[in-house]
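1. Turn this into a model:
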Amino acid sequence: ATAIAESGAHLLSVINGILDMARADAGRLVLVEEEVEIARAVAFSLGTIEEMARRAEIDCQTEIPDDLPRFLGDAAKLRQILINLLSNAVKFTPAGGSVRVSVETPPDDGLVFRVADTGIGIAPETLPVALAPFGQIESGLDRRYDGIGLGLPLAKKLVELHGGTME
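-> Numbers count the residues shown, from 1 in each chain. Sure, this is the predicted structure:
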């Protein structure tokens, strides 16, 4: 029963990812803007991947200043961005490693969200592949990591929808 439930949840996330990418490509994703509590969005996102990180023996930490400016955006989409980035960070970090999410306020306005990990990283020349829908840096029968290649491209589109950039 557990395997069936997990498989169903995985299939649902794949279908939702494909639908979100199709909406984004068609220009049909819209922001439901509201004032977002950044610390709360980060805490929710970390809580969502907490079990995955615990099973992988990955330490997760946050660094969020108390005096963050007001942020107007789509809270659900911001959480989705963070969950996609954090789950990738956990997936590609070996046991005993760490994942850290921080929020900074640069002097030129705006917010910078940074997800850092002690994982394998992405070589600059393969970044375009990782950011393309269904892009897989590793392919073939010897592939070590699960995924369909929608997490980073969708996160990038959602960041851009908020007027930001993903690097």
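2. Past the helix or strand of the chain with the lowest mean pLDDT, which element shows up next along the chain?
-> Averaged element by element with mean pLDDT, DSSP states H and E, the chain has its least confident helix or strand at helix 2-25 (a mean of 71). As assigned by DSSP states H and E, the chain's next helix or strand after helix 2-25 is strand 34-36.
3. Touching that next one from outside, list them.
-> 70, 71, 72, 73, 74, 75, 78 (CB atoms under 8 Å, 6 or more residues apart in numbering). C-beta: built from backbone N, CA, C; applies to glycine.
4. ditto for stretch 59-76
-> In contact with stretch 59-76 (CB under 8 Å, 6+ apart) are residues 31-36, 38-39, 41-43, 46, 49-50, 53, 86, 90, 97-105, 111, 161-162.
5. Okay, and which of those residues map to strands?
-> 34, 35, 36, 98, 99, 100, 101, 102, 103, 104 (DSSP state E).
6. Most neighbours out of those, which is it?
-> residue 99 (26 neighbours; other CB atoms under 10 Å).
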